[in-house]
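*Asks:* Can you look at this prediction? I've put the sequence above it.
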There are 2 protein chains.
Amino acid sequence: MEEQSSAPADDPVPSEAAQGPSASKGRAPTIYDVARRAGVAPSTVSRAFARPGRVSFETAERIRAAADELGYRARTITRRTDAREGTRMIALVLSDISNPVYFDLLRGAEEAAADADYTIVLANSQETVKKEQEALGRVLPLVDGVLMVSSRMSDSAVRMTAKQKPTIMLNRAVSGVVSVVTDNAMGTRRAVEHLVSQNIRDITYVAGPEASWTDGMRWRAVRETGAALHARIHRLGPVAPTIAGGRAAALSWMEHRTSGVICYNDLMAVGFVRTMQEHGLSVPRDAAVIGYDNIMLLPYVSPSMSTIAAPVHAIGATATKNLVAMIRGAQPTSSRPLVLPSKLVVRQSSRVLETPTLRRR
Amino acid sequence: MEEQSSAPADDPVPSEAAQGPSASKGRAPTIYDVARRAGVAPSTVSRAFARPGRVSFETAERIRAAADELGYRARTITRRTDAREGTRMIALVLSDISNPVYFDLLRGAEEAAADADYTIVLANSQETVKKEQEALGRVLPLVDGVLMVSSRMSDSAVRMTAKQKPTIMLNRAVSGVVSVVTDNAMGTRRAVEHLVSQNIRDITYVAGPEASWTDGMRWRAVRETGAALHARIHRLGPVAPTIAGGRAAALSWMEHRTSGVICYNDLMAVGFVRTMQEHGLSVPRDAAVIGYDNIMLLPYVSPSMSTIAAPVHAIGATATKNLVAMIRGAQPTSSRPLVLPSKLVVRQSSRVLETPTLRRR
DNA sequence: CTGAAAGCGCTAACAG
DNA sequence: CTGTTAGCGCTTTCAG
């Protein structure tokens, strides 16, 4: 629209017709252009952007004006990567952002980062490990540190990354790399106890993605606790960690029903329950169902869903704080992963005995 | 720089550094280190990374080996920003990533980006406009284009950005900037018709964030359609676009009930309904409630929630495709925003008349 | 295919 | 406070 209209009249501009329509055309203006236009030395322009105090107000004014006219924008990155000053950016790499679990993690990370004056750059890679590595490779050179969430990359690949930039692993433990994980075992134990205490001794664990470290931990926790408590544990899957995956699992579960079901995550649990209901089964009467993660809206589904909750916000915040410390030169204190506690949240989907008066909280 | 190493203080630690578990210590290796190690010229190393074909297989091998040993990593960004080759990254700026609406948008954007071999970098800024601008400023220099979702920045600030890099605005129309929006009017009209056809003629619109362009559009659509259809329209709010916001709104709504309620978004609608239920009211009997966005899990809350759905995936994909075209030099065709249709999804929360056979309990 | 050398845009060091 | 002059790490000529 007004791209044409802005035709500046006052223009002592030489032959170089400043710019075409919507910018991005005639090569981005450099610091030299601005300097020439403002009648100062390039270094002064540089200073004006990097160290505002060090340049006289008037000169700064003039430079800013010139920069505006030319549409100049400091190439912060080049400057910073070259100067090794740090870019004040942190990469958060995660494989599936559309999983609601990550919300609070993100929030926690962001708050902690903001406190320390860092910006979080998210690199998401729904797809393959390959994509994940590619995305990581792209952002790696421009951040001061890396937060990897539930990565599917191999341990050695992760270690490679950790060699290049301060790195913290979340939701997975990799030896040699600082890790922050949740204590799946504890929450799981509570869940199994909760079921067993209601006389449920036949429990199916519905597995999530095979490559997932978390799935391994959860399955192991279920199995071991089950053994300790004399419950019979079965395993189904793996299926996709989605509502659809849960639905599929429910279908095969029908052929060998158990009175208790623990799903790798909440989304699966929701799908599982819905499919049961569609087949005329009722939850928790026909089976008590529990998920993991405590995602948003879980209290609002019907029946409200029990879950094993991780302190996701704290994980994000803690990891970020530690990462910032590492960026500032701190050496990792311990070689063991930092473990944060998880807890069981009981709602209707697993409360068999005393059915409450249906108006939870 | 640090060649004068003997000078600085108390460092009795000589050559030991090499293998500290978490590395990231001794100065990132440069292309020169690799070159020396591989016994070639720096330019050859550069070529080996940038233009694989142009270097003999053997030399490439040697260089790769040397790079691995030293843990060298191409500083892609510096290289690319300098070379104006483009970084093959696109910034997706959005103010609140924890809103589930953005899932599909993100997915759409990512798929389209991947098709064109671009990576999406997410810059999230929960907070103020100031934070948003800051985050944008940080990533701007290093991306080839910008996707702004529901930005709260001023029109002129947005135009500023658009001057520097190809930019597309999503969920908001800014004159002079390519925009992709949904046709809120159409979906809203259907919703109001749906209510009126069930003899609901008293409708409350619960407003979302004041600064939101979308809220303005939705409110306007409700008001105008209401007028056209002879329904009485009321307005409540603004409240936060969250479950809590919806709960708060429900409380004040109690004092002046209407038989129809349309909330700025689904989260609010869920909170609204829950609060009604807690006060002994039933949905849709006491009020038909409709949200916007069609977020995940909506079919699973109780009662399942009606909503006005935008083709979010398509928005993300379309915008990204257009952006890539712009990056490649295409000129924006039209100055008017690209409008994608929205539609009404009727579920239990608004179905007053023929209560379905509710096999969904 | 490779090396030497001249940039690239920006910053730091050192006068004055 | 500002200009000059060396860099910074990487790329691009331009010869061989």
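*Replies:* Received, thanks. Since we're looking at a predicted model, the values are computed, not measured.

*Asks:* how much space is there between A:Y118 and A:L147?
*Replies:* 11 Å (Cβ to Cβ, to the nearest Å). C-beta coordinates here come from the backbone N, C-alpha and C atoms, glycine included.

*Asks:* Identify the contacts common to the two.
*Replies:* A:I90, A:T320 (Cβ atoms under 8 Å, 6 or more residues apart in numbering or on different chains).

*Asks:* helices and strands of chain A: which one bottoms out on pLDDT?
*Replies:* helix A:2-5 (a mean of 32; mean pLDDT, DSSP states H and E).

*Asks:* Which is the succeeding secondary structure element to it?
*Replies:* As assigned by DSSP states H and E, the chain's next helix or strand after helix A:2-5 is helix A:31-38.

*Asks:* which parts of the following helix or strand past that following helix are buried?
*Replies:* Once the chain leaves helix A:31-38, the next helix or strand it forms, by DSSP H and E, is helix A:42-50. Using 16 or more other Cβ atoms under 10 Å in any protein chain shown as the test for burial, helix A:42-50 gives A:T44, A:V45, A:S46, A:R47, A:A48, A:F49.

*Asks:* Does helix A:42-50 reach chain B?
*Replies:* No: figure legend: helix A:42-50 not in contact with chain B (Cβ under 8 Å from any Cβ of the partner chain); closest approach 11.2 Å.

*Asks:* do you know how far A:R336 is from A:H256?
*Replies:* 39 Å.

*Asks:* err, A:L298, not the other one
*Replies:* 27 Å.

*Asks:* Those two: who's more crowded?
*Replies:* Looking at A:L298 and A:H256 with other Cβ atoms under 10 Å in any protein chain shown, you find the greater number of neighbours at A:L298, namely 25 against 10.

*Asks:* My guess is that one contacts A:R347. True?
*Replies:* Yes: counting by Cβ atoms under 8 Å, A:L298 touches A:R347, with 7.4 Å between them.

*Asks:* Show the contacting residues for the nearest residue to A:A112 once chain neighbours are set aside.
*Replies:* Leaving aside its sequence neighbours, A:A112 sits nearest to A:T320 (Cβ to Cβ, 6 or more residues apart in numbering or on different chains; 3.7 Å). Going by Cβ under 8 Å, 6+ apart, A:T320 touches A:I90, A:G108, A:A109, A:A112, A:A113, A:A116, A:Y118, A:I120, A:L147.

*Asks:* which among the residues you listed gets closest to A:D183?
*Replies:* A:G108 (17.1 Å; Cβ to Cβ).

*Asks:* quick check, A:G187 in a helix?
*Replies:* Yes: looking at A:G187 with DSSP: H, G, I helix; E, B strand; the rest coil, it is inside a helix.

*Asks:* Got the confidence number for the residue nearest to it when sequence neighbours are not counted?
*Replies:* Counting by Cβ to Cβ, 6+ apart, the nearest residue to A:G187 once its immediate chain neighbours are dropped is A:S342, at 3.4 Å. As predicted, A:S342 sits at a pLDDT of 92.

*Asks:* Is there a neighbour count for A:S342? I'd like the number.
*Replies:* Neighbours of A:S342 using other Cβ under 10 Å come to 27.

*Asks:* Please report how far it lies from chain B.
*Replies:* For A:S342, the distance to chain B (Cβ to the nearest Cβ, to the nearest Å) stands at 21 Å.

*Asks:* Pull the contacting residues for that residue.
*Replies:* A:T182, A:D183, A:N184, A:M186, A:G187, A:I308, A:A309, A:A310, A:P311.

*Asks:* Could you double-check that the last one sits in contact with A:T182?
*Replies:* Yes: taking contact to mean Cβ under 8 Å, the distance of 6.9 Å between A:P311 and A:T182 places them in contact.

*Asks:* shared neighbours of those two, which are they?
*Replies:* A:L340, A:P341, A:S342.

*Asks:* Going along the chain, name the strands of chain A.
*Replies:* Under the criterion DSSP state E, strands of chain A are mapped to A:89-94, A:119-124, A:145-149, A:167-170, A:178-183, A:202-206, A:232-236, A:260-263, A:288-292, A:306-309, A:338-341, A:343-345.

*Asks:* what does the average pLDDT come to for the fifth one?
*Replies:* Strand A:178-183 shows a mean pLDDT of 92 in the predicted model.

*Asks:* Which residues does it contact?
*Replies:* Contacts for strand A:178-183 (Cβ under 8 Å, 6+ apart): A:162, A:167-173, A:217, A:310-311, A:315, A:318-319, A:322, A:326, A:332, A:337-342, B:22.

*Asks:* what angle sits between it and strand A:288-292?
*Replies:* Counting by axes from the mean of the first three to the mean of the last three Cα atoms, to 10 degrees, strand A:178-183 points 170 degrees away from the direction of strand A:288-292.

*Asks:* Let's see strand A:178-183 as PDB, backbone CA atoms only.
*Replies:* Below are the C-alpha coordinates for strand A:178-183, written out as PDB (Å, rounded to 0.1, in the frame of the first residue of the first chain):
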ATOM      1  CA  VAL A 178      23.600 -32.900  32.900                       C
ATOM      2  CA  SER A 179      20.100 -34.300  33.100                       C
ATOM      3  CA  VAL A 180      16.900 -33.300  34.900                       C
ATOM      4  CA  VAL A 181      14.200 -36.000  35.100                       C
ATOM      5  CA  THR A 182      11.200 -36.800  37.100                       C
ATOM      6  CA  ASP A 183      10.900 -39.600  39.500                       C
END
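
*Asks:* Alright, that wraps it up for me.
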